[in-house]
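> Need coordinates for the below:
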Amino acid sequence: MNYETVFDAPREVEDAIRDGLYRYNQTFVGAEHNHYERFAISVMDDAGNVAGGLIGEMYWDYLHVDTLWLAESIRGQDIGSRLLAIAEDVAREKGMHHANLETTTFQARGFYEKHGYRVVGQLDGKPPGHIWFYMQKDL
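Next comes the predicted model:
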């Protein structure tokens with residue numbers, strides 16, 4: 001066996017690793033519960049530039065909110081709330097019943113709690129001096 005550490009690994013290497021795990025998981029949860037979809041919802045400014053958006057994944061009956069970001073100039077206008085609502089609607093349409101995400105003490109815990117998410121776990125010191133929160137919501 002040869003071991004190789006590669007930063008910014010080629011897509012085919014990452015795909016091979018993910019596909020191997022996907023096939024393994026199917027033996028336990030079945031193909032019908034092992035479907036995976038990734039999606040993005042973008043917010044464009046008047047000049048056509050990306051000013052924010054949400055990246056989500058759906059699998060195992062869960063929406064996972066991977067990333068939600070808004071430019072400073074468009075914060076405080078309920079755009080983040082709208083993005084989250086759209087993602088949750090998409091997930092429900094695809095048959096998902098739960099959602100989860102991660103946030104930190106300096107990000108948006110209160111925002112997510114306002115939208116029905118609750119803390120189900122945490123890692124102290126990730127990043128140093130802060131807390132990493134795992135949050136969940138039933139859709």
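
> Which parts of this structure are helices?
Under the criterion DSSP state H, the chain contains helices at 11-29, 79-93, 109-114.

> Distance from the chain centre to the shortest one, please.
Spelled out, that is helix 109-114. Distance of helix 109-114 from the chain centroid (C-alpha atoms, centre = their mean, to the nearest Å) equals 15 Å.

> same deal with stretch 78-91?
Mean-position distance between stretch 78-91 and its chain equals 12 Å (C-alpha atoms, centre = their mean).

> any idea which of the helices of the chain is most buried?
Compared across those, helix 79-93 shows the largest average neighbour count, a mean of 17 (mean count of other C-beta atoms under 10 Å). Every C-beta, even on glycine, is put in place using the N, C-alpha and C of the backbone.

> could you say what helices and strands it packs with?
strand 37-44, strand 50-59, strand 62-70, strand 98-104 (3 or more C-beta pairs under 8 Å, 6 or more residues apart in numbering; DSSP states H and E).

> Note down every partner strand of the longest one and its orientation.
Right, strand 50-59. Using DSSP bridges, the strands paired with strand 50-59 are strand 37-44 (antiparallel), strand 62-70 (antiparallel).

> what are the C-alpha coordinates of the last one, in PDB please?
The C-alpha coordinates for strand 62-70 follow below in PDB (Å, rounded to 0.1, in the frame of the first residue of the first chain):
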ATOM      1  CA  TYR A  62     -31.900  15.300   6.500                       C
ATOM      2  CA  LEU A  63     -31.300  18.700   5.000                       C
ATOM      3  CA  HIS A  64     -27.800  19.800   6.000                       C
ATOM      4  CA  VAL A  65     -27.200  23.500   5.700                       C
ATOM      5  CA  ASP A  66     -23.500  23.500   4.800                       C
ATOM      6  CA  THR A  67     -23.000  27.200   4.200                       C
ATOM      7  CA  LEU A  68     -25.200  30.300   4.500                       C
ATOM      8  CA  TRP A  69     -23.500  33.700   3.800                       C
ATOM      9  CA  LEU A  70     -24.700  37.200   3.000                       C
END
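
> So this structure: which segments form each domain?
1-34, 35-138 (automatic domain parsing).
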